[in-house]
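Undergrad: Can you look at this prediction? I've put the sequence above it.
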Amino acid sequence: MLIRGRSCIAAITACFILLLFAAESYPSYNSEAGRKYAVAQERLTDLKKSSKKKKYRSYWMDCIRTFEAVEKKYPKSPNAADACFDRAGLYLELFQYNKLSKDMDDSLLAYGKCQTAYPKHGRAPEALFHVFEITLDLKKDRTAALKAYNRLAAAYPDNNLTSKARTRINPPSRKKKPEQEIRKTPVPVITAPGKTKKAILVKSIRHWSGGAHTRIVIDVNKPVKFQAEEMSNPSRLVFTLQNARLDDSVDKEPHLVKDGILKQVSAIQYAPDTVRVVLDLANFKSYKTFPLRGPDRLVIDVNGEGGAQQKAMAASSEPGMQSDAVNTGETASDHKEKPDSAANDKSQQEPNIVAKAEPPAASLIPKVPEVKNNDGDKTSLSRQLGLKIKTIAIDAGHGGHDPGAIGKSGLQEKSITLDVAKRLAILVKERLGCDVVMTRDKDVFIPLEERPFIAKSKGADLFVSIHVNANRKRKARGIETYIQSFRASDREAMATAARENAMSTKKLSELKSELDRIFADLTRDDKLEESLQLAHAVQGSLIDAMKPVQGHVVNLGVKRAFFYVLINTEMPSILAEVGFISNPDEEKMLKKDSYKQSVAEALFQGVKKYVEARSPQMLGI
């Protein structure tokens, strides 16, 4: 018994020694990696719980780097794979939150590397499916999506995500109505009394052209739901307006456009409660559709390839001068709105409708002012730097019957913005050597949605909109610069956007789902990132320049909100609020020519700083 007991003790001791040496010869990746991974998970949980932290990119990047550290430091640990997939997912969430294309691209890259590095991991099929979805839905790149699907099908043929992707690539065939049916003029229908009382009335359809762009505006008496469809043979865009009927004044015959992009526009009462607007295409690249309020209308922007015919059109006619496409029954006087003097004072009103925008009838839209470059053989700074920025659009906020915000002494926003805009135009032309397009150079009313169209049609590379802020609190003061976004930075930013858009915050929120496509395009083209860089350059310049002039300046920073005037600009665009007219001290300064010149100089320096910062990239340095 004694011998047997000693043998057992010896065996146990030997096993212990072997385990000890084994532990020393192979690092404990699992325990250390597990602890680090748990820390990363805690930080992620903390981030997702805090709406405040989500606003700051640094918190997101901190989580991403923590997961990345687990991957790099403990590559043989099972936690490394989980950390890899979590990091890829975080990039995707960050993109969905701030819509920066760089985050989407980083997510794509991370998902692809994770699947390659850990092909047998349970989340590997999910990673490839995410690559498939991102390329198909966000980047709109069907070729890349097909490649992702092929990888998924080859690696995981029996996975349910493979089946899901297959269905999206090859959806079940559905019977389509003959396309010719759209072209038929329907037999007149007789509806029962009272059936169309609540129908949306299509009052008129207008168009105008400029460069490689054509805009169609469908005027309605209230918000309308619609469906858009692209068709071929012949090439056309069809917009189906639900619960709608054509006004008797709308011409039922097709209206010829022939601007090199559209052949004609026609409208038909397709069914008792359905109106169809058909655009026959001549030269088609892409289109965007979005609704606007106050008054209600549906805007359709059609982009062509920019051939010789479009350039000839741009040279022979100014943007906004061609209208009355389908309906020629209305006159300019039919569209004029009397300003509501009580609503015009932003400093006294809730963020609701300030001044009604009016449809751009031909006689109401002025000739687009343009400052030409007369430097002769002198090469401009922008061309010396080899930049693509050759034309800058300057937008003076408000105008005509829309005075904008009004100060206590009666100073109007529209006069300040026009004065500063003219000064800025001279500086840009003389010192930067760029061409300048002004949306207005006198006291006239230009509808908000026309301003970005003017800039696009003239080939502008930057868009700077100048405004003056207001607040019911007279002590409110400061300078802030905005970029386009549906996610307002704060409540004050939302209120500012509502005032500038002449609409309520509630109506503003209703537009989100209908404008997602525009924001997706801006993100994919890096326009939001470029706008952000321009905004920071201008904001910084304004603060630096105003400090010695004011003595004390409040830096409200760069903010985000949704503005009609920045919609679908397709170029880096900002809106600068250069002061508070509702503040008595700032109103006094805004009356002075010297102060307005300082503001124009500051705006110029910000634009110049942005242009110069791009030069290394453009020169390939």
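TA: Yep, it's here.
Undergrad: pretty sure Phe67 is touching Ala38, no?
TA: No: in this structure, Phe67 is not within contact of Ala38 by Cβ atoms under 8 Å, at 11.5 Å. Where you see a C-beta, it was placed from the backbone N, CA and C, and this is true even at glycine.
Undergrad: who's more crowded, these two?
TA: Phe67 (27 against 12; other Cβ atoms under 10 Å).
Undergrad: Tell me who's in contact with the more buried one.
TA: Contacts of Phe67 were listed using Cβ atoms under 8 Å, 6 or more residues apart in numbering, and they are Tyr37, Ala40, Ala83, Cys84, Asp86, Arg87, Leu90.
Undergrad: got the residue ranges for the strands in the stretch 501-621 of the chain?
TA: 555-561, 573-580 (DSSP state E, counting those that start in this stretch).
Undergrad: show me where pLDDT drops low in this protein?
TA: 1-31, 172-197, 294, 306-387, 502-526, 615-621 (pLDDT under 70).
Undergrad: Distance of Trp60 relative to Leu44?
TA: Relative to Leu44, Trp60 is positioned 10 Å away (Cβ to Cβ, to the nearest Å).
Undergrad: Which neighbours do the two have in common?
TA: Common contact partners of Trp60 and Leu44 (Cβ under 8 Å, 6+ apart): Leu90.
Undergrad: before we move on, the earlier item: tell me which of the strands of the stretch 501-621 of the chain sits most buried.
TA: strand 573-580 (a mean of 28; mean count of other Cβ atoms under 10 Å).
Undergrad: Pull up the pairing partners for that one, direction included.
TA: Partners of strand 573-580 in the sheet, by DSSP bridges, are strand 462-469 (parallel), strand 479-484 (antiparallel).
Undergrad: Just the CA atoms from it would do, formatted as CSV, please.
TA: Extracted C-alpha coordinates of strand 573-580, given in CSV (Å, rounded to 0.1, in the frame of the first residue of the first chain):
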residue,chain,number,x,y,z
SER,A,573,-21.5,73.2,-50.4
ILE,A,574,-21.9,75.2,-47.2
LEU,A,575,-24.2,77.7,-45.6
ALA,A,576,-22.6,80.3,-43.5
GLU,A,577,-24.5,82.2,-40.7
VAL,A,578,-22.3,85.2,-40.3
GLY,A,579,-24.0,86.7,-37.2
PHE,A,580,-27.2,87.2,-35.3
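Undergrad: and it with strand 555-561, angle?
TA: 140 degrees (axes from the mean of the first three to the mean of the last three Cα atoms, to 10 degrees).
Undergrad: Compile the strands of the stretch 501-621 of the chain into a markdown table and extend it with columns for distance to Ala148.
TA: Shown next, in a markdown table, are those (distance: least, Cβ to Cβ, whole Å):
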| stretch | distance to Ala148 |
| --- | --- |
| strand 555-561 | 31 |
| strand 573-580 | 33 |
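Undergrad: Out of these, the one nearest Ser541 is which?
TA: Ser541 lies closest, by Cβ to Cβ, to one member of the strands of the stretch 501-621 of the chain: strand 573-580, at 10.1 Å.
Undergrad: How far off centre is the closest one?
TA: 18 Å (Cα atoms, centre = their mean, to the nearest Å).
Undergrad: Equivalent analysis for stretch 419-431, please.
TA: With Cα atoms, centre = their mean, you get 27 Å for stretch 419-431.
Undergrad: how about that stretch: buried residues?
TA: Asp419, Val420, Ala421, Lys422, Arg423, Leu424, Ala425, Leu427, Val428, Lys429 (16 or more other Cβ atoms under 10 Å).
Undergrad: Sort out which one of these lies nearest Lys288 for me.
TA: Using Cβ to Cβ, the buried residues of stretch 419-431 come closest to Lys288 at Ala421, 26.8 Å.
Undergrad: I figured that closest one hits Val436, correct?
TA: No: between Ala421 and Val436 there is no contact, the gap being 9.6 Å when judged by Cβ under 8 Å.
Undergrad: which residues are common contacts for those two?
TA: Ile394.
Undergrad: quick one on the thing from earlier: the contacts of Phe67 in strands, which ones?
TA: Judged by DSSP state E, those include no members of strands.
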